[in-house]
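Chemist: Just a sequence and a predicted model for now, questions to come.
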Amino acid sequence: MCRFIKHARGSDGFASRNDFKIRVQCSVRLPPLQTVPEPDLVWAVRRSYRREKRDPDDIRLLVDLVDTSLAEDTGEKAEIYAAAGIRDYWVVNIAEQVIEVCREPGPEGYRSLTRYSGSQELRPLANPDAALNPEHGLGIGAKG
């Protein structure tokens with residue numbers, strides 16, 4: 001994941017470091033829902049957040065790493081993010097060694113859920129030049 005973040009942030013000719021801010025375990029404000037979840041990784045528009053939290057318009061990608069909370073993260077939490085309009089939400093399912101990518105948010109949840117494993121390549125909507133596969137980027141799914 002660290003290698004993916006490095007590439008996504010600007011090294012090797014991808015998006016400028018000035019375009020995005022990547023934070024680990026920080027809260028996001030979802031005003032219409034009056035909730036402030038704390039995803040494991042937030043990829044947001046770079047600007048000052050000293051006086052306010054990141055809100056849905058600022059967020060380009062949310063990532064949660066899950067081992068025991070899969071039902072919550074792909075259920076209630078995904079519904080909250082979809083209702084708030086978060087376009088790209090990734091759930092790293094450690095137990096099954098897959099990354100579940102949720103897209104096309106709507107009031108009833110995400111209309112698109114794609115599971116990636118092994119060497120399948122996935123790309124964030126905000127920066128399609130940055131690629132990740134579960135086997136190499138996260139160290140999951142690799143054979144022995």
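Modeler: Cool, the structure landed.

Chemist: mind listing the helices for the chain?
Modeler: Taking DSSP state H as the test, the helices found in the chain are 2-8, 70-74, 76-84.

Chemist: hey, least reliable of the ones you listed by pLDDT?
Modeler: If you rank the helices of the chain by mean pLDDT, helix 2-8 sits at the bottom with a mean of 45.

Chemist: okay, now A83: neighbour count?
Modeler: Neighbourhood size, A83 [other Cβ atoms under 10 Å]: 18. In short, each C-beta sits where N, CA and C put it, glycine included.

Chemist: To clarify, my last question referred to E38.
Modeler: For E38, using other Cβ under 10 Å, the count is 11.

Chemist: Would you confirm that it contacts L30?
Modeler: No - using Cβ atoms under 8 Å, E38 is not in contact with L30, being 11.6 Å away.

Chemist: and D58, how far is that from A131?
Modeler: Separation of D58 from A131 (Cβ to Cβ, to the nearest Å): 23 Å.

Chemist: next one: V101
Modeler: 13 Å.

Chemist: Pull up the overlap in contacts between these two.
Modeler: Common neighbours of V101 and A131 (criterion: Cβ atoms under 8 Å, 6 or more residues apart in numbering): L122.

Chemist: Compare the two and say which one has the larger neighbour count.
Modeler: V101 (21 against 16).

Chemist: what's the burial count for the nearest residue to the more buried one once chain neighbours are set aside?
Modeler: Nearest non-adjacent residue to V101, counting by Cβ to Cβ, 6 or more residues apart in numbering: T114, 4.8 Å away. Other residues within reach of T114, judged by other Cβ under 10 Å, total 12.

Chemist: same deal with the one 3 residues further on?
Modeler: A count of nearby residues for S117, using other Cβ under 10 Å, gives 16.

Chemist: ok, now how distant is it from A78?
Modeler: To A78, S117 is 19 Å away according to Cβ to Cβ.

Chemist: Also L62?
Modeler: According to Cβ to Cβ, L62 stands 10 Å off from A78.

Chemist: What of E104?
Modeler: For E104, the distance to A78 equals 12 Å [Cβ to Cβ].

Chemist: can you give me the strands in this protein?
Modeler: 20-24, 41-45, 59-66, 88-93, 98-106, 109-117 (DSSP state E).
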